[in-house]
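Chemist: okay, sequence plus prediction incoming.
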Amino acid sequence: MFLMVEWTSRMGQGVMFDLRTRIFGNLQRADVALYDRTPVGRLMTRLTTDVDALNELFTSGFVSLLGDLAVLGGIVAILYALDPTLATISLGVLIPMALVTNWFRKGARDTYRRVRVRIARVNSFLQEHLSGIAVVQLFRREEAAQGAFRTVNDDHRVANLDSIFYYSVFYPALDFLSAVGMAAILWWGGGEVIKGTMTIGAVVTFLQYSKRFYRPLMDLSEKYNILQAAMASSERIFQLLDEAPSIAAPPFPAPVPRPLRGEIEFDGVRFAYKPDEEVLKGVSFRAEPGETIALVGATGSGKSTIVSLLLRFYDVTKGEVRVDGTDVRRFDPSTFRDGFGIVLQDTFLFTGTIAENVAFFDPSMPRETVERACHDVGLGPLLKRLPDGLDTKLTERGGGLSVGEKQLVSFARALARDPRILILDEATSSVDPETEAVIEKAVDRLLSGRTSVVVAHRLSTIVRADRILVLAHGEVRESGTHAELLAKGGLYARLYALQLKDREAAA
Amino acid sequence: MPRLVRHILESLEKEPSPRLIAISCAAILGLAAGDSILFFFTRRILIGASRDVEFEMREDLFAHLLRLPPRWHRKSRVGDVMSRAVNDLSAVRMMIGPGIMQAANTIVVGTIAVTLMALASPTLTLVALAILPFVAVATQVMGKVTHRRFTAIQEFFSEISASAQENISGVRLVRAFAREATEERRFDAKNREFRRRNLGLARLNALYFPMLQALVGVGFAGVLWVGGRKILAGELTVPRYVEFNLYLMELVWPAIALGWVVNLWQRGSASWNRMAELWAAEPLAVESAEGPLPGGPLEVKDLTFAYDSGPPVLRNISLTVEPGTTVALVGRTGSGKSTLLNLLLRLEEPPFGTIRLGGRDLRDTPLPLLRRALVAVPQETFLFSDTLGNNIAIGRPGATPAQVERAALEAGLGPDLATFPKGLETIVGERGITLSGGQKQRTALARALLTDAPYLVLDDAFSSVDTETEERILEAVKARSGTRTVFLVSHRLSTIQHADVVVVLEKGRVAGDGNARGASPGRRPLRGAGRATAPLRRSRGGVAVADHLPEDEAQGRGFDRGILRRLLSLAVPYRGYAGGALVVLFLESVAQLAGPLLTGAAIDLVFSSKESPRKGAPPSWGGSSSGSGSSLAAPALSTPSPASTSSRSSRRSGSCS
């Protein structure tokens, strides 16, 4: 007994472990586009709740189902061997039992689904209104929200009451039918005993077997529900696992030059997230090794898209992106990206120490490299101030550090790997003047000596660039240095007058 | 019922009478029918009542949450509140529904069975109950250990989900740094630990139930041993013994269920405490929304404000705003602009006597009236999963479609509406199309414009709208709301130029104010015109996120052979365990099957032995009685297999899962 439970749990836990590993591994390889269209919560559900739903199926479902069937078969055989007539009589109850079970199975399945759908509605309503509580309160929608909630909540209750009805009928009905079976055995068996054709012991044997017989039948309907839930979950899991990444290594990937020279070329690049909405409409530019290119333009002009295409988060719709003269689609994406350093606008740090974040959990990175990178971006004073220095633990999303400090850590993270190509998506949030000065120096340190593509918001960064690309509506409208573009009096000059100058004045 | 069985057996033994058998059988049926009907009603009423209570609790809780002050909501995390309102609520329901039903069942069945057993044979009852203390101790110990291990699993579960969530949220970074392999390794380590902890709990169950079964088995064996001897000594008849045994079997389940009930109560009361924490928060007072709207000048006098015990965020602010003026609040991040707006909106409570609206202290103005008078466009817009039109009409539910459309056009949503599949009827939000940041902000603006509120608060409401569009919208707003008082926060010079008065905040103090067009606010500390940071991972305009609704997710397609085959293939690496378990199960089944057969044989043996001279029973008796003992014990021993107990538990608790 102990062994059985132990082994089935090992199997169940093993299957769940494997599935989690596979889902997580799949998520590491899936297209970035998947993350654009799927909320984080939903992916998390795949990894947690859906996997858990399989537990019961493997630990108590499959194996005991087979056991139940074996017991049923055995009992039927024994009963017939003992007394075929009485066996037929006692098994006669099975017909109404099967009918009742079938009725229950259908009803319970439908109501079960209804309950699930409605509880999902209740929960998403709650989630939504808690997230938007400020709007609800500001616009005095409390009464209305409460009324709407009453409706979804009541729908859920009604569905539950329906489902209770099926359960309340089913189990007593089965109990009653099994009593009928018992009575039949006693009545017929008793008669036989009087006639002397049967012993009392045989009747008792029959009674006991019939009790044992009905129980697995009840279990079967229970198991059906487990199976139902497991199927629904696994269908969703398999859907995710079947999602083949379109951005993957070609069969014979081109070798990635080590080190990269750092030559970037966009050649007539067109790109659309959605078929009929082009975000880039034929962008061409070239960055020589060591050059700094600043991308400037309004929100939605395509700056971030250029960065994403360069890293091959997406594949171009038309044209080519070349690095060191080779189409990026010919590389193994992971090996290829290894030569890049990137700083995202949203400075995302992981739970762990500062050192772990700078090394990005790479145990092979020497401590000196981490220290040097931190020092180079100007984190020195901060680290001295912190009692644990580099080993200071950061909470979720880098909590505990200021915005500016977080940016510096993300700079160090990019610098530590001494990348040949650096991508910097500057954060727009403002920091105090002292930090600003440190960051400007750090940016300078980051950009020097490597090819850089910068989505720039800082005037200092823009002015420093070898070339500025001014983007509007998915096209490169102007290109040149700060002085050239100002002199030209075009889009850039307007942008400068409207937005950038403020910052200069303030700086 | 066991008593009837006994009568039948007795009659068979002494004076076989078909009539008695028929009557008894009819009585059995009658009793069973009565029992079934009662069972039906208990179940329906008790579980149904628990659903009603759940409904009420959920409704009250939501109403309570709606009326908690904004400040409380800002401090709590939605995920945490949700888990209390969902998981804890359901644990409490389990406690009052199936928990009570089962507890009652255990007590009633237990008392009756024990009484009847005592009537049938006091000695045997004592023997049978001798195992109870052991069962109690085992349940107690197991309960404690389970609790500990369960908590350990829950804690680790949070950890593993948090780290996976972090990985998913930071997916671009992971890719860009090519850290996929490291991330997989890190996850693997956590995954392993999680499996280890889960197995720890599973092993406990694997120990507990067989142990319970063994204890019960010992009880049955004891009963058999003593009972067998009594039968031999002529102190007990076989039918009486069978009756006793049937009662005992009725008792097995309540004994096991007791552990389950204790568990339910423990979890339910823990959850109840967590929910009580929500209830402990003080809601806002209910005030009437009737009465004249506040109007007139807004005066701020010597306002100093700090969050909790922190340093003051605003210091000695004083300003007066005449009706109909547009005031721009400028200053860098952290200078106190948003705090000032929040105080005006009473999202935070200002100290008494510091802010007056139309001559009346803001704290004395009924909140519903204030909310009608002041309408805000916050930095971050929240859209509900509803049509765009309904989202706009949120502040004025009775608005006609024409009014809604006008507001939408004024807010500059015209060009966007043309691209939406159903115009204003398009569903937006989580379950509809995703709007871009700019579209969201304009929707929020339309929301505000639709109301007739005399005060409009725009908290950096154009950060995602390009300057030219912003220009047009502001013109429209000014043209329409000549008499409105407008407060706006912005980092853009172009926006600020629309203001009649510019108030510059610096470190919580008013650094200067003046006419925007006259003075040169460019010289003011406006640096770091931090537009709302748009996260890189943003949904592109108009991309439908919800290709399938979460509701559909709950359903699935139902039975599908392909999926089943794939599911089974997952277990292939563990076929050794499955095979082993099957072998054990098979052995157990054989033992189960053999039980009744042996019992029957033993009974026949006893009956036939009665015909032989009773005195000086042959020595073989002892052997055969102990033989029959073990065989009689066999069915009882194998009665509560974990599969059947779990299914029985769910059978009684039924739809609760």
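Modeler: Sure thing, it's come through.
Chemist: when you work out contacts or count neighbours from here on, use the C-alpha atoms and nothing else.
Modeler: Will do.
Chemist: so A:Leu394 sits right up against A:Thr351, yeah?
Modeler: Yes. When contacts are counted by C-alpha atoms under 8 Å, A:Leu394 is listed as touching A:Thr351 (5.5 Å).
Chemist: output stretch B:201-215 as PDB, nothing but the C-alphas.
Modeler: Extracted in PDB, the C-alpha atoms of stretch B:201-215 (Å, rounded to 0.1, in the frame of the first residue of the first chain):
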ATOM      1  CA  LEU B 201       4.100  15.600   1.600                       C
ATOM      2  CA  ALA B 202       3.000  12.800  -0.700                       C
ATOM      3  CA  ARG B 203       5.100  10.300   1.300                       C
ATOM      4  CA  LEU B 204       3.400  11.500   4.400                       C
ATOM      5  CA  ASN B 205       0.100  10.600   2.900                       C
ATOM      6  CA  ALA B 206       1.500   7.300   1.600                       C
ATOM      7  CA  LEU B 207       2.400   6.600   5.300                       C
ATOM      8  CA  TYR B 208      -0.700   7.900   6.900                       C
ATOM      9  CA  PHE B 209      -3.400   6.100   5.100                       C
ATOM     10  CA  PRO B 210      -1.900   2.600   5.200                       C
ATOM     11  CA  MET B 211      -1.100   3.200   8.800                       C
ATOM     12  CA  LEU B 212      -4.700   4.100   9.500                       C
ATOM     13  CA  GLN B 213      -5.800   1.100   7.600                       C
ATOM     14  CA  ALA B 214      -3.400  -1.100   9.600                       C
ATOM     15  CA  LEU B 215      -4.900   0.400  12.800                       C
END
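Chemist: return the distance of that stretch from the chain's centre.
Modeler: 29 Å (C-alpha atoms, centre = their mean, to the nearest Å).
Chemist: buried sites along that stretch?
Modeler: B:201-213, B:215 (16 or more other C-alpha atoms under 10 Å in any protein chain shown).
Chemist: which one of those residues is nearest to A:Pro251?
Modeler: Comparing the buried residues of stretch B:201-215 against A:Pro251 with C-alpha to C-alpha places B:Ala202 closest, at 44.4 Å.
Chemist: and the helix or strand hosting the closest one, what does it pack onto?
Modeler: For B:Ala202, the element it lies in under DSSP states H and E is helix B:180-233. Judged by 3 or more C-alpha pairs under 8 Å, 6 or more residues apart in numbering or on different chains; DSSP states H and E, helix B:180-233 is in contact with helix A:2-29, helix B:122-129, helix B:132-169, helix B:238-280, helix B:620-637.
Chemist: now do the same end-to-end measure for stretch A:336-352.
Modeler: The first and last residues of stretch A:336-352 sit 26 Å apart, counting by C-alpha to C-alpha, to the nearest Å.
Chemist: so for that stretch, mean pLDDT?
Modeler: For stretch A:336-352, mean pLDDT is 82.
Chemist: wondering if it reaches chain B at all.
Modeler: Yes. For stretch A:336-352 and chain B, the contact criterion (C-alpha under 8 Å from any C-alpha of the partner chain) is met by A:Arg337, A:Asp338, A:Phe340, A:Gly341, A:Ile342, A:Leu344, A:Gln345, A:Asp346, A:Phe348, A:Phe350, A:Thr351.
Chemist: of those, select the buried ones using a PyMOL command.
Modeler: The buried subset of the residues of stretch A:336-352 next to chain B, as determined by 16+ other C-alpha under 10 Å, is captured in PyMOL by this line:
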select buried, chain A and resi 337+338+340+341+342+344+345+346+348+350+351
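Chemist: and the stretch 1-150 of chain B, which of its residues are near chain A?
Modeler: So the stretch 1-150 of chain B meets chain A at B:8-9, B:12, B:16-18, B:21-22, B:25-26, B:28-29, B:32-33, B:35-37, B:39-41, B:43-44, B:47-48, B:51-52, B:55, B:58-59, B:62-63, B:66-67, B:70, B:73, B:78, B:82, B:86 (C-alpha under 8 Å from any C-alpha).
Chemist: let's see which of those end up in helices.
Modeler: Members of the residues of the stretch 1-150 of chain B next to chain A lying in helices (criterion: DSSP state H): B:8-9, B:12, B:18, B:21-22, B:25-26, B:28-29, B:32-33, B:35-37, B:39-41, B:43-44, B:47-48, B:51-52, B:55, B:58-59, B:62-63, B:66, B:70, B:73, B:78, B:82.
Chemist: secondary structure element holding whichever residue of chain B sits closest to chain A?
Modeler: Scanning chain B for proximity to chain A using C-alpha to the nearest C-alpha identifies B:Gly600 as nearest, at 3.8 Å. If you go by DSSP H and E, B:Gly600 is part of helix B:575-611.
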